[in-house]
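[1] Sequence and predicted model, in that order:
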Amino acid sequence: MTRPLHIVILAAGDGTRMRSRLPKVLHPLGGKPMLGHVIDAARALSPARIHVVYNPAVPAVREAFEGAEDLQWAGQRERLGTGHAVQQAMPGIPADADVLVLYGDTPLVPASLLAELLSTCPDGLALLTLAPPDPAGYGRIVRDADGVIEGIVEHRDATDAQRAIGEVNSGILRAPAGQLAQWLGRLESGNAQGEFYLTDIVAMARADGTEIDAVIAPDAGLLEGANDRVQLAELASRHRVLAAEALMRGGVTIVDPARFDLRGRLQAGQDIHLDINVVIEGDCELGDNVQVGPGCVLKDCRLAAGTRVHAHSVLEGVTTTGACDIGPFARVRPGTQLAEGTRVGNFVEVKNTTLAAGSKASHLTYLGDAVIGQGVNIGAGTITCNYDGVNKFKTVIGDGAFIGSDTQLVAPVTVGKGATIGAGSTIVRDAPDHQLTVSRSKQVTVKGWKRPTKKLD
């Protein structure tokens, strides 16, 4: 009979080497806290419960995941080592369960590797180990002449011969809850740090005759943690590579994976083209044949098939419902919806505005809180004056309207269907359908006027 799985994530460390007021496990990696990545991997295993061990004196860790009903929080007020940390979660774990121990600062461990660990040595103790290029600082896996695991020796407590061992402990393990509880109760702190090492349970298991086995990670980099900002940057670089590889295998062209940054989730269609220095944030969805130019930032966007985003454009909360052109150097803000054939050109800012099919604002324009019909042409320098300093108002532009350059539309105002607004106008009242509306001062030439000249000393 399969035992229920309970996962314990250790996240109570002080993280002093980060030199930060932000708890270590909350430092972001790919747009998400490190702890968030570990929780996602845990959830992929469909456990009965996820237990997060945290420091109650640092409530920000728990607050960052407020509302996550599948998480059970266990406080560790004194940091007395990894064994002591796991002990704090054990009261919430039934004796007939399996326990998987993870770490909140090891964000790249894949769920597939954890699933392999869960299937290894089902009635004994299973360890996840690695063979890094430089094993310094890691606990060494000590085996007997037959290759059977005898125990784990921490680096600071190891002899020179033991430090020469290349296989090291990741800290991740799986054990039956009943046996784990017994081993934890027998831990002692007679070591260089005066802590209760979780690794000491390996020798206890060996002494008890419990079967011990290990899964050696095929890629040591997946099990690396972050204790300072240098290591965090290294993990972030690795995360970018992994994200890019997964997208490219799914049919996305990324011109240079080293200059692509995924800081959220991207659902991608086929034949998408992402140029250099593209940043994807939040939750984005790109349809087939979407093209994104160099230096663009997309956050929480839904771009329909065939949409083209040209260089150095910034989009947030944008939805396109058909193929359209955006940029270069466009800023398109939340609440914007662009239909088939629309164009938002260079140095155009759009916010909370809908453009119906075929409408265009090609350059140097601000459109805020507007509803724009089909086939509208908006000239350069047009502004919807939507804010009076206290309240915001809506501008409505009917199908087929033509807005001349350097026009100010003072909301609330409606421009009728087929209407034409003369260049340089300030429109403060509704403009009727199919009529020319102009608002200009009379042009005057001042006779006899002379341009000022510089006075001589």
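    Here it is on my side, so go on.

[2] Show me what counts as buried in stretch 136-144.
    Y138, G139, R140, I141, V142 (16 or more other C-beta atoms under 10 Å). (Glycine included, C-beta is placed from N, CA and C.)

[3] nearest to D369, of the residues you listed?
    Y138 (57.4 Å; C-beta to C-beta).

[4] Let me know how buried the closest residue to the closest one other than its chain neighbours is, in neighbour terms.
    With sequence-adjacent residues excluded and distances taken as C-beta to C-beta, 6 or more residues apart in numbering, Y138 is closest to V168, at 3.5 Å. By the criterion of other C-beta atoms under 10 Å, V168 has 22 neighbours.

[5] related to what we said a few turns ago, looking at the buried residues of stretch 136-144, which is nearest F329?
    Of the buried residues of stretch 136-144, the one sitting nearest to F329 (C-beta to C-beta) turns out to be Y138, at 48.7 Å.

[6] Spit out the contact partners of that closest one.
    P132, H155, V168, N169 (C-beta atoms under 8 Å, 6 or more residues apart in numbering).

[7] Same list, these, but as a markdown table with distance to K454, pLDDT and secondary structure please.
    Output for the contacts of Y138, formatted as a markdown table (distance: C-beta to C-beta, whole Å; pLDDT from 0 to 100; DSSP: H, G, I helix; E, B strand; the rest coil):
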| residue | distance to K454 | pLDDT | secondary structure |
| --- | --- | --- | --- |
| P132 | 72 | 92 | coil |
| H155 | 76 | 87 | helix |
| V168 | 77 | 94 | strand |
| N169 | 80 | 92 | strand |
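
[8] so which of the residues you listed comes closest to A89?
    Distances from A89 to the contacts of Y138, taken by C-beta to C-beta, are shortest for N169, at 19.7 Å.

[9] Tell me which other helices or strands the helix ranked longest in the chain touches.
    Counting residues, the longest helix found in the chain (DSSP state H) is helix 229-249. Helix 229-249 is packed against strand 28-29, strand 252-254, strand 260-268, with contacts defined by 3 or more C-beta pairs under 8 Å, 6 or more residues apart in numbering; DSSP states H and E.

[10] Helix, strand, or coil at the nearest residue to M204 once chain neighbours are set aside?
    Nearest non-adjacent residue to M204, counting by C-beta to C-beta, 6+ apart: W183, 4.7 Å away. Classification of W183 using DSSP: H, G, I helix; E, B strand; the rest coil returns helix.

[11] Okay, the residue nearest to Y138 and A126: tell me how far apart.
    Separation of V168 from A126 (C-beta to C-beta, to the nearest Å): 16 Å.

[12] With F402 instead?
    Taking C-beta to C-beta, one finds F402 at 72 Å from A126.

[13] on that earlier part again, which ones among the buried residues of stretch 136-144 are found in strands?
    R140, I141, V142 (DSSP state E).

[14] Do you have the helices of the chain handy? List them.
    Under DSSP H, the chain gives helices at 34-43, 60-63, 82-89, 111-118, 160-163, 177-185, 201-207, 229-249.

[15] Check which helices and strands the second one is in contact with.
    Right, helix 60-63. strand 49-54.

[16] who does the strand it packs on pair up with?
    Sheet pairing of strand 49-54 (DSSP bridges) gives strand 5-10 (parallel), strand 71-75 (parallel).

[17] Any buried residues in that strand, and which?
    So for strand 49-54, counting by 16+ other C-beta under 10 Å, buried means R49, I50, H51, V52, V53, Y54.

[18] now these in TSV, with distance to L242 and pLDDT?
    Formatted as TSV, the buried residues of strand 49-54 follow (distance: C-beta to C-beta, whole Å; pLDDT from 0 to 100):
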residue	distance to L242	pLDDT
R49	28	97
I50	23	98
H51	27	98
V52	24	98
V53	27	98
Y54	27	97
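
[19] quick one: which two of those are the most distant?
    It's R49 and Y54 that sit farthest apart of the buried residues of strand 49-54, by C-beta to C-beta, at 15.4 Å.

[20] Find the residue ranges of this structure scoring beneath the pLDDT cut-off.
    The model of the chain has pLDDT under 70 over residues 1.

[21] what about 50?
    In the predicted model of the chain, no residue satisfies pLDDT under 50.

[22] How is it divided into domains?
    Listed by automatic domain parsing, the domain ranges of the chain are 5-223, 229-437.

[23] end to end, how far does the last one reach?
    This points to domain 229-437. 60 Å (C-alpha to C-alpha, to the nearest Å).

[24] for stretch 175-190, same thing?
    Stretch 175-190: ends 24 Å apart by C-alpha to C-alpha.

[25] Next: stretch 136-147.
    Stretch 136-147: ends 22 Å apart by C-alpha to C-alpha.

[26] next one: stretch 303-312
    Span of stretch 303-312 from end to end, C-alpha to C-alpha: 17 Å.

[27] got it, and stretch 301-320?
    8 Å.
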